[in-house]
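Asks: got a predicted structure plus its sequence, pasted below:
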Protein chains: 2
Amino acid sequence: MIFGFDEGELKILLIKRKEAPEEDKWALPGYFVEKEEALDAAAQRVLRQMTGLEDVYLEQLATFGQPGRHALGRVITVAYYSLVKIDDFEPKAAGLAREVTWHTVHNLGDLAFDHAEIVAVALKQLRESIRLRPVGFELLPPAFTLTELQHLYEAIWETELEKRNFRKKILAMNLLRDLGQVQQNVAHRPAKLYEFDESRYRALEKSGFNFEVKENRR
Amino acid sequence: MIFGFDEGELKILLIKRKEAPEEDKWALPGYFVEKEEALDAAAQRVLRQMTGLEDVYLEQLATFGQPGRHALGRVITVAYYSLVKIDDFEPKAAGLAREVTWHTVHNLGDLAFDHAEIVAVALKQLRESIRLRPVGFELLPPAFTLTELQHLYEAIWETELEKRNFRKKILAMNLLRDLGQVQQNVAHRPAKLYEFDESRYRALEKSGFNFEVKENRR
DNA sequence: GCAAAAGTGTTTCATCTACACCCATGT
DNA sequence: ACATGGGTGTAGATGAAACACTTTTGC
């Protein structure tokens, strides 16, 4: 699964299959693991083939192996999900795909095979994951505003957060570096741009710090 | 992986292999998935064959598929872990096993294949899991004391907790039912026995309650 | 009566929550 | 000058942390 964030919405990259079974249905991108290939390497390879991206956040999710989940025989899927910065690439149809596009993650409609279930599991994990680890930043451009970050959490949690407390909480963690720059050409007071300070996070983590964002609803 | 809790220690059930490769090394119990068997069903089957137990907590952990991790060919392992009440059964050697015994989970020594890595991943997940969900009770007998529960957390987290605050926190959740019974034949004031009220937990969960045990070190 | 663990209350401090107004920019 | 979102401070409530002593049993 490839997650992205754009226009305030959590998106997922789907392909429209050009082959049976499940021809013309939307499906998760994926392909077979090679004979002597590690699972992580296979996930990275498929991701690279789909997006051209390397060095992105990639994590194993779960393995799905119900008999009968694929019409042509027993297929066991080791699902991975990755978080990408959505404007780092332009989706192009290739391989199994007739079309490749971003879909808003809520209301995906029917998906091929058991892919709806896989997406549901991924979403559940993603929601937990952004709460307890600073992975949300993987979905944002290198420089972002606090409001963008808040909208990211709101999109993933499907909730609205209280602005002042969210900002206070995030800034109090001391993990964002103020870039000294502001937005350009916006018809309102321009917001400050920040970047995530990964090295500081690693240092704090070692000394027992725990990242946590509370779900402080509005 | 089969976790148990006994004598204040977190234990794991290991088999001593009676066949090459890795003969006579301690290994995680496991076996092949059948041709038309679901993964969950296979995990349950292996667990039943090892312990005779059914209806226990069982959860998929992760999938391990490095080429070369098994000497005789490519083996991909879908690891599950289960939490059992340790005195519900007596381990008996069978199948691949020359011996089957409980081992204290810290300082396991060398394990067969990459099983040490699998145990490490499981431990990490178990630590998170007992913090955020009431799964610790799966490791305790149906009636337990608060001190036993505390020792369970201490064993899994490898830390010491502050007694009063731990008890206050746990009791405040209102998830334990006082059985009105006390320990028998102990050379000190007998402790009250409690049971976990699962139906109350399910109800609270639906109305937005989140189980969480803080790591309040002593 | 002594050893051993069970059980309990309160104060202090930190964090969370709720809330309303001024600021900087483009048009 | 107005519309738009950016940005901030504080008081009150809540929860966490730290602390020592009394109780009940077996021997």
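Replies: Ah, there it is.

Asks: CA only for contacts and neighbour counts going forward, please
Replies: Will do.

Asks: what sits against residue A:119?
Replies: Taking Cα atoms under 8 Å, 6 or more residues apart in numbering or on different chains, we find residue A:119 in contact with residue A:1.

Asks: for it, which three-state class applies?
Replies: helix (DSSP: H, G, I helix; E, B strand; the rest coil).

Asks: what of the one 10 residues further on?
Replies: Using three-state DSSP, the three-state assignment for residue A:129 comes out as helix.

Asks: quick one: it from DNA strand C, how far?
Replies: 17 Å (Cα to the nearest atom of the strand, to the nearest Å).

Asks: once you drop chain neighbours, what's closest to that residue?
Replies: residue A:135 (7.2 Å; Cα to Cα, 6 or more residues apart in numbering or on different chains).

Asks: likewise residue A:66?
Replies: The nearest residue in space to residue A:66 (Cα to Cα, 6+ apart) is residue B:38, at 4.7 Å.

Asks: count the neighbours of the one you found for me.
Replies: Per other Cα atoms under 10 Å in any protein chain shown, the neighbour tally for residue B:38 reads 17.

Asks: go ahead and confirm residue A:16 touches residue A:102.
Replies: No. Counting by Cα atoms under 8 Å, residue A:102 is not a contact partner of residue A:16; they are 11.1 Å apart.

Asks: just want to know which of these two has more residues nearby.
Replies: Counted by other Cα under 10 Å, residue A:16 and residue A:102 do not tie: residue A:16 has more neighbours, with 22 against 18.

Asks: hey, C-alpha coordinates of the helix or strand containing the more buried one in PDB?
Replies: Assigned by DSSP states H and E, residue A:16 falls within strand A:9-17. Taking Å, rounded to 0.1, in the frame of the first residue of the first chain, the C-alpha atoms of strand A:9-17 are listed here in PDB:
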ATOM      1  CA  GLU A   9      -6.900  14.100   2.300                       C
ATOM      2  CA  LEU A  10      -5.300  10.800   2.900                       C
ATOM      3  CA  LYS A  11      -4.800   9.000  -0.400                       C
ATOM      4  CA  ILE A  12      -3.900   5.600  -1.500                       C
ATOM      5  CA  LEU A  13      -2.400   4.600  -4.800                       C
ATOM      6  CA  LEU A  14      -4.500   2.000  -6.700                       C
ATOM      7  CA  ILE A  15      -4.100   0.300 -10.000                       C
ATOM      8  CA  LYS A  16      -6.800  -0.700 -12.300                       C
ATOM      9  CA  ARG A  17      -6.100  -4.300 -13.300                       C
END
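
Asks: what comes into contact with the helix or strand following it?
Replies: Heading C-terminal from strand A:9-17, the first helix or strand you meet, by DSSP H and E, is strand A:26-27. Strand A:26-27 is touched from outside by A:14-17, A:110-113, A:115, with contacts defined as Cα under 8 Å, 6+ apart.

Asks: these, buried ones only, as a PyMOL selection?
Replies: Of the contacts of strand A:26-27, the buried ones can be selected in PyMOL as follows, counting by 16 or more other Cα atoms under 10 Å in any protein chain shown:
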select buried, chain A and resi 14+15+16+17+111+112+113+115
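
Asks: spell out which parts of chain A neighbour DNA strand D.
Replies: A:145-147, A:163-165, A:167, A:187-192 (Cα under 7 Å from any atom of the strand).

Asks: so which of these are in strands?
Replies: When DSSP state E defines the strands, the subset of those inside them is residue A:192.

Asks: that older thread, quick check: the residue nearest to residue A:66 touching residue A:67?
Replies: Yes. Using Cα under 8 Å, residue B:38 is in contact with residue A:67, at 5.9 Å.

Asks: now the nearest residue to residue A:70 once chain neighbours are set aside: which helix or strand?
Replies: Spatial nearest neighbour of residue A:70, chain neighbours left out: residue A:113 (6.4 Å); criterion: Cα to Cα, 6+ apart. Assessed by DSSP H and E, residue A:113 sits outside every helix and strand.

Asks: just the pLDDT for residue A:113.
Replies: Looking at residue A:113, its pLDDT stands at 97.

Asks: residues touching the nearest residue to residue A:167 once chain neighbours are set aside, list them.
Replies: Leaving out its chain neighbours, the residue that sits closest to residue A:167 by Cα to Cα, 6+ apart is residue A:146, at 6.8 Å. Taking Cα under 8 Å, 6+ apart, we find residue A:146 in contact with A:167, A:191-194.

Asks: please apply the same query to residue A:39.
Replies: Contacts of residue A:39 (Cα under 8 Å, 6+ apart): A:33, A:78, B:64-66.

Asks: and residue A:189, how many neighbours does it have?
Replies: So residue A:189, with other Cα under 10 Å, has 10 neighbours.

Asks: for it, grab phi and psi.
Replies: phi -50, psi 120 (degrees, to the nearest 10).

Asks: ditto for residue A:82
Replies: phi -130, psi 150.

Asks: how does chain A divide into domains?
Replies: As given by automatic domain parsing, the domain ranges for chain A are A:2-132, A:140-206.

Asks: pLDDT value on the residue nearest to residue A:66, please?
Replies: Taking residue B:38 on its own, its pLDDT is 98.

Asks: next, it: phi, psi?
Replies: Residue B:38 adopts backbone torsions of phi -70, psi 160, taken as degrees, to the nearest 10.
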